[in-house]
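A.B. asks: next one to model:
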Amino acid sequence: MKAWAICVLLLSLFGGPAAWAQNAPAAPSALRVTYLVYSGRPNPTLTITDAKTIRSLQAQLSGALATGAGVGSTELQPVLGYNGIRVEVVGAEAEPEYTVKGRFLRSEHRLGAAKAGTPAVIARSSTSASQIEAQLLKLAEQQGVLSAPALAAARKTPAK
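C.D. replies: Model prediction:
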């Protein structure tokens, strides 16, 4: 009888599974995708708000980061012209920001990385990264965000 009373007390204190579900991090409501094509001018940007697309893209990015081979973060040095595609959660500076270019993927934690004991920048080489980039370039083409010459330059980058 005492064990049952303790269980009831603990459930009432912690709220049970319903409370845990409420404390789980919510999926972001929007992702900002920035096409890094211009030097000295604002880069084209689009916002993804479709929940299914957001979940899919986040799963692909984290999967490519988890399965890719480690490379030096110098593999994605800025150059004149196309520098890849940045994907970030809108309004959540504690979330990682991803940059994908060819087979390279870089994850950068803007805030809280030092406190959490995680590296601020993680770079990986993955065939999945080039598939993500192709998908995001197709989205730019469909949305009319990039001009035909900018798309052509991005699709023939040497980092592929």
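A.B. asks: just checking, next helix/strand downstream of the lowest-mean-pLDDT helix or strand in the chain?
C.D. replies: Least confident helix or strand of the chain, by mean pLDDT, DSSP states H and E, is helix 16-23 with a mean of 39. Using DSSP states H and E, the helix or strand that follows helix 16-23 in sequence is strand 31-35.
A.B. asks: how close does the spatially closest residue to L105 that is not a sequence neighbour get to G91?
C.D. replies: Once flanking residues are discounted, L105 sits nearest to A129: 4.1 Å by CB to CB, 6 or more residues apart in numbering. C-beta coordinates here come from the backbone N, C-alpha and C atoms, glycine included. Plainly put, A129 is 25 Å away from G91 if you go by CB to CB, to the nearest Å.
A.B. asks: and those two? which has more neighbours close in?
C.D. replies: Comparing A129 with G91 by other CB atoms under 10 Å, the one with more neighbours is A129, at 27 against 10.
A.B. asks: the host helix or strand of the more buried one vs strand 31-35, what angle?
C.D. replies: For A129, the element it lies in under DSSP H and E is helix 127-143. Relative orientation of helix 127-143 versus strand 31-35 (axes from the mean of the first three to the mean of the last three CA atoms, to 10 degrees): 90 degrees.
A.B. asks: kindly export helix 127-143 (C-alpha atoms) in PDB.
C.D. replies: Extracted in PDB, the C-alpha atoms of helix 127-143 (Å, rounded to 0.1, in the frame of the first residue of the first chain):
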ATOM      1  CA  THR A 127      26.800  12.500 -49.900                       C
ATOM      2  CA  SER A 128      23.500  13.400 -48.200                       C
ATOM      3  CA  ALA A 129      24.700  17.000 -48.000                       C
ATOM      4  CA  SER A 130      24.800  17.400 -51.800                       C
ATOM      5  CA  GLN A 131      21.300  15.900 -52.000                       C
ATOM      6  CA  ILE A 132      20.100  18.500 -49.400                       C
ATOM      7  CA  GLU A 133      21.700  21.200 -51.400                       C
ATOM      8  CA  ALA A 134      20.100  20.000 -54.700                       C
ATOM      9  CA  GLN A 135      16.700  20.000 -52.900                       C
ATOM     10  CA  LEU A 136      17.200  23.500 -51.600                       C
ATOM     11  CA  LEU A 137      18.300  24.800 -55.000                       C
ATOM     12  CA  LYS A 138      15.300  23.300 -56.600                       C
ATOM     13  CA  LEU A 139      13.100  25.000 -54.000                       C
ATOM     14  CA  ALA A 140      14.800  28.300 -54.900                       C
ATOM     15  CA  GLU A 141      14.100  27.700 -58.600                       C
ATOM     16  CA  GLN A 142      10.400  26.900 -57.800                       C
ATOM     17  CA  GLN A 143      10.000  30.000 -55.700                       C
END
